[in-house]
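Trainee: the sequence isn't on hand, but the structure is:
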Ligand SMILES: Nc1nc2c(c(=O)[nH]1)N[C@@H](CN(C=O)c1ccc(C(=O)N[C@@H](CCC(=O)O)C(=O)O)cc1)CN2
């Protein structure tokens with residue numbers, strides 16, 4: 001069996017094509033959406049992801065504001081950058097690239113952001129709104145995962161989903177999206193404290209690997225025909241080392257490439273959050 005490729009690059013391109021039209025319509029009304037990014041330090045992955053986000057903005061016509069700070073930046077320096085973007089009329093929405101250096105108080109910085117300018121959907125207010133199932137910008141990677149599954153007709157309603165990894169950008173909130181009445185999946189969240197990870201993965205119709213552990217998910221763990229999404233962004237010798245072993249393709253029914261799967265969806269949905277914020281305010 002060869003797995004259907006869940007092509008995030010192609011799906012993201014469709015989303016960006018629609019956004020290009022919507023941005024042009026906003027500009028005709030004198031509204032220019034703008035994305036801000038705050039990057040602290042020189043983590044290679046973060047540098048690549050932020051650069052990609054700015055490239056995407058240029059592609060669809062969104063203005064972008066880049067604030068780069070050294071790894072030694074103090075809490076007050078990042079607070080000043082956040083205050084500036086909160087107040088900037090040119091900034092429709094912005095992100096603080098995660099992870100931040102360990103000496104910084106990430107929670108305090110996220111809470112300092114204006115929730116109305118939270119392009120990541122990671123502000124506590126917006127995650128709280130997601131819990132209450134009321135309107136809010138959705139976290140980009142979880143939203144991208146749902147759209148990718150829908151694009152390729154992967155059955156979600158009633159599906160057993162196993163999410164591996166409880167990080168703030170994916171694992172913590174993906175279950176909130178998949179258990180909405182509109183999706184109606186059943187979600188198990190596995191993590192470093194889980195007993196018998198393989199048992200939870202093996203019974204899943206959909207596996208989302210977001211633990212950041214290279215090759216954690218192996219071929220023997222996968223139910224034949226299951227959909228497997230690799231969100232792993234670890235880097236080994238500068239190259240992406242996903243959470244899913246390549247030979248999973250021999251048993252999976254659907255599989256994301258990595259790179260070229262979930263990552264481009266993350267970036268496309270970030271742009272979507274910015275455009276939606278601009279449209280809401282127009
Ligand atoms: N503030 C945020 N920080 C982080 C988030 C986030 O959603 N908000 N998520 C992850 C990383 N991430 C977003 O920044 C991200 C990961 C991967 C990609 C991507 O485009 N990957 C490409 C390959 C890129 C390369 O390595 O050459 C692909 O998969 O094709 C974009 C964004 C943690 N931080």
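Mentor: Here it is on my side, so go on. These figures come from a predicted structure and were not determined experimentally.
Trainee: any idea how far apart the tips of stretch 67-75 sit?
Mentor: Start to finish, the residues bounding stretch 67-75 are 15 Å apart (C-alpha to C-alpha, to the nearest Å).
Trainee: other residues contacting that stretch?
Mentor: In this structure, residues lying in contact with stretch 67-75 by C-beta atoms under 8 Å, 6 or more residues apart in numbering are 36-42, 77-78, 81, 84-85, 101, 104-105, 108-109. All C-beta atoms are positioned from the backbone trio N, CA, C, and that covers glycine.
Trainee: name the residues of that stretch that come out as buried.
Mentor: Buried residues in stretch 67-75, counted by 16 or more other C-beta atoms under 10 Å: 67, 69, 73.
Trainee: right, and residue 189 touches residue 163 too?
Mentor: Yes. In this structure residue 189 lies within contact range of residue 163 using C-beta atoms under 8 Å: 5.1 Å.
Trainee: could you check which of the two has the larger neighbour count?
Mentor: The residue with the greater number of neighbours, taking residue 189 and residue 163 and applying other C-beta atoms under 10 Å, is residue 163; the counts read 29 against 17.
Trainee: so in that sheet, which strands flank the helix or strand harbouring that one, and in what orientation?
Mentor: Assigned by DSSP states H and E, residue 163 belongs to strand 160-164. Paired with strand 160-164 in the same sheet, following DSSP bridges, are strand 186-190 (parallel), strand 206-209 (parallel).
Trainee: immediately after the last one, which helix or strand?
Mentor: Read in the C-terminal direction, the helix or strand following strand 206-209 is strand 227-230, with elements assigned using DSSP H and E.
Trainee: what mean pLDDT does that following strand get?
Mentor: In this model, strand 227-230 carries a mean pLDDT of 98.
Trainee: now swap in stretch 67-80 and tell me
Mentor: Stretch 67-80 carries an average pLDDT of 98.
Trainee: could you check how far it is from the centre of its chain?
Mentor: The chain centroid and the centroid of stretch 67-80 are separated by 23 Å, computed with C-alpha atoms, centre = their mean, to the nearest Å.
Trainee: what's the first-to-last distance across that stretch?
Mentor: With C-alpha to C-alpha as the measure, the ends of stretch 67-80 fall 11 Å from one another.
Trainee: what about it, near the ligand?
Mentor: No. Stretch 67-80 lies out of reach of the ligand by C-beta under 6 Å from any ligand atom, never closer than 12.8 Å.
Trainee: before we move on, back to that, any idea which of the strands paired with strand 160-164 gets closest to the ligand?
Mentor: Among those, the nearest to the ligand by C-beta to the nearest ligand atom is strand 206-209 (13.3 Å).
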